[in-house]
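Participant: what follows is a protein structure lacking sequence information:
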C-alpha cells in the first residue's frame, strides 16, 4: 500500500501547491539546512518546521480549506546568496508560535527555527513565520523530482502572476505553453499538516546551528545561476 507521499513523489505536481525557494541563509549552506531539517524530521516522527520570511497566512488558510492533501514544494534559489545571508552579524532562534486562528502552539521539542537578527540597516526582527510540514521520505538534495516553470504559475488567491521577490507563495498552475521558461527543480515535497502555518514570536539571541552531518556537494545543475 502506497503512502500519500509515495503518490506525490511519483506523480506530476498538483495544480495548486505552496512553493518555497531556499538557499544559503543565517550562515548555513543549503546542504547543512537540509541535513538539519532531516534530523528534525526524524526526531519528530516526520514533522519539521520550515522557516520563511514572509506571511502567506491568508493564502494557506484558503489552500488547506479547499485542498484534500495540501503540499509544499521546495526548490533551490537560482541566484547567488547575499552576503548578509552568508555571514550574518547575529542570529535569532524563535521560541514561540501562534496559529492562523491566533492560538498559542507548542513548537515540537526537536524543532528549531533560526533567522537573521535583522536585515541590513533595519531594526531587530520581532516576528518570523514557518510552514508546518511532514514527510515520510528523507529530505535530500538529490536529483529534482519535477521541474517548475516559473512563468506558468500564479498566486493562489489573487490570480496575479508571481513576482520575482516572492520567495514563498501558494500558487496554482495557469499556463503550460511557454517557449523559454525559467525552470526550478522540485528537490523534495512534503505535506502541510496542522496547524499548517505559524507566526513565530519570542526571539532569542543564538549562534549558528552546528552541523553534525558530513557536508555533501550540491549538484551544480540544481543551483545554476539565473
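Facilitator: Received it, and whenever you're ready, just let me know what you need. Please read these numbers as outputs of a predicted model, since none were measured by experiment.
Participant: which residues in the chain form helices?
Facilitator: 4-10, 30-43, 57-66, 83-86 (DSSP state H).
Participant: list the buried residues of the last one.
Facilitator: By 16 or more other CB atoms under 10 Å, the buried positions in helix 83-86 come out as 84, 85. (C-beta placed from N, C-alpha, C; glycine too.)
Participant: by contact count, what packs against that helix?
Facilitator: Packing partners of helix 83-86 (3 or more CB pairs under 8 Å, 6 or more residues apart in numbering; DSSP states H and E): none among the helices and strands.
Participant: and stretch 43-62, how far out from the chain's middle?
Facilitator: Relative to its chain's centre, stretch 43-62 lies at 7 Å (CA atoms, centre = their mean, to the nearest Å).
Participant: okay, buried residues for it please.
Facilitator: Buried residues in stretch 43-62 (16+ other CB under 10 Å): 46, 47, 48, 49, 50, 51, 52, 56, 59, 60, 61.
Participant: pick the one among the residues you listed closest to residue 86.
Facilitator: residue 51 (17.1 Å; CB to CB).
Participant: leaving out sequence neighbours, find the closest residue to the closest one.
Facilitator: residue 113 (4.1 Å; CB to CB, 6 or more residues apart in numbering).
Participant: so what pLDDT did that neighbour get?
Facilitator: Residue 113 carries a pLDDT score of 95 in this model.
Participant: number of residues surrounding it?
Facilitator: 23 (other CB atoms under 10 Å).
Participant: residue contacts, it?
Facilitator: 49, 51, 93, 94, 107, 128, 130, 200 (CB atoms under 8 Å, 6 or more residues apart in numbering).
Participant: again, only using 6 Å
Facilitator: Taking CB atoms under 6 Å, 6 or more residues apart in numbering, we find residue 113 in contact with 49, 51, 94, 130.
Participant: what sits opposite the third one in the beta ladder?
Facilitator: What that stands for is residue 94. Under the criterion DSSP bridges, residue 94 forms beta bridges with residue 203.
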